[in-house]
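Engineer: after the sequence you'll find the predicted model.
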Amino acid sequence: MAEQDLGLAFNNLAFQLQGLSNKLGAQGVNQIIPKFSGDATKFRTWIKHIEKYIVLAGLGRNEAKMVAYRSSDPPVSDFIHRWLEQNDGDETVGWNELKAQLVKQLVNFFINGLSLDYLKMKIMRPNSDTFQGAVAVAMTEQNLRKRFELRRGTPERSSNRHFEGQGAGEEAMEVDHYID
């Protein structure tokens, strides 16, 4: 009887220590990894911080999913939450799969933000799997069209049919450069 009580007490203690460890881990994540809310320019840095934290804390690759969830703000955390629910219990789906889905979501967000259909189509054709790749394709296409218009000797925006139909008050998303 006394052995059972002692065993139960140790199990309760272990459970409480695990809860305390989780709380401290969550605080560590919040202090070490800056919150990410979807700004494409901060995406790579956020991923690098997560992967560094995984190594420092000795976490497994699957635990990185929860680190990403803790260190993100909506709408990113909402996306991760839905993704985690869809893949609940699937041990083969880990950090690398979540990271790939986040990149895909970021590229899609970039494509949707472009106002020119020809740029959207140009990026969608090669199906860029990185944000940097999507920006590079858009920049190349935009520069090519500018050079073409200069050779024709016509002002770019007045004669290019791709710029017509832009709504009043709608501002085109310019693709200048991407800083890595």
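Structural biologist: Arrived safely, thanks for sending. As the structure is a computational prediction, the values presented were derived from the model and not from experiment.
Engineer: let's verify the most centrally placed residue in the chain: helix, strand, or coil?
Structural biologist: The centroid of the chain falls nearest to residue 102 when counting by C-alpha atoms, centre = their mean (3.8 Å). Of the three states, residue 102 takes helix under DSSP: H, G, I helix; E, B strand; the rest coil.
Engineer: need the contact list for it.
Structural biologist: Neighbouring residues of residue 102 by C-beta atoms under 8 Å, 6 or more residues apart in numbering: 43, 47, 68, 76, 79, 80. The way it works is simple: take the backbone N, C-alpha and C, and place the C-beta from them, glycine included.
Engineer: please identify which helix or strand holds the closest residue to the first one other than its chain neighbours.
Structural biologist: Taking C-beta to C-beta, 6 or more residues apart in numbering, and ignoring the residues beside it in sequence, residue 43 has residue 106 as its nearest neighbour in space, at 6.0 Å. Under the criterion DSSP states H and E, the helix or strand holding residue 106 is helix 95-113.
Engineer: what about dumping the CA coordinates of that helix to PDB?
Structural biologist: This file holds the C-alpha atoms of helix 95-113, laid out as PDB (Å, rounded to 0.1, in the frame of the first residue of the first chain):
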ATOM      1  CA  TRP A  95       9.200  20.400 -39.100                       C
ATOM      2  CA  ASN A  96      10.400  20.200 -42.700                       C
ATOM      3  CA  GLU A  97       6.900  19.700 -44.000                       C
ATOM      4  CA  LEU A  98       5.500  22.600 -41.900                       C
ATOM      5  CA  LYS A  99       8.400  24.800 -43.100                       C
ATOM      6  CA  ALA A 100       7.600  23.900 -46.800                       C
ATOM      7  CA  GLN A 101       3.900  24.700 -46.300                       C
ATOM      8  CA  LEU A 102       4.800  28.100 -44.700                       C
ATOM      9  CA  VAL A 103       7.000  29.000 -47.700                       C
ATOM     10  CA  LYS A 104       4.300  27.900 -50.100                       C
ATOM     11  CA  GLN A 105       1.800  30.100 -48.200                       C
ATOM     12  CA  LEU A 106       4.200  33.100 -48.300                       C
ATOM     13  CA  VAL A 107       4.700  32.700 -52.100                       C
ATOM     14  CA  ASN A 108       1.000  32.500 -52.600                       C
ATOM     15  CA  PHE A 109       0.400  35.600 -50.500                       C
ATOM     16  CA  PHE A 110       3.100  37.400 -52.600                       C
ATOM     17  CA  ILE A 111       1.400  36.300 -55.900                       C
ATOM     18  CA  ASN A 112      -2.000  37.400 -54.700                       C
ATOM     19  CA  GLY A 113      -0.600  40.800 -53.800                       C
END
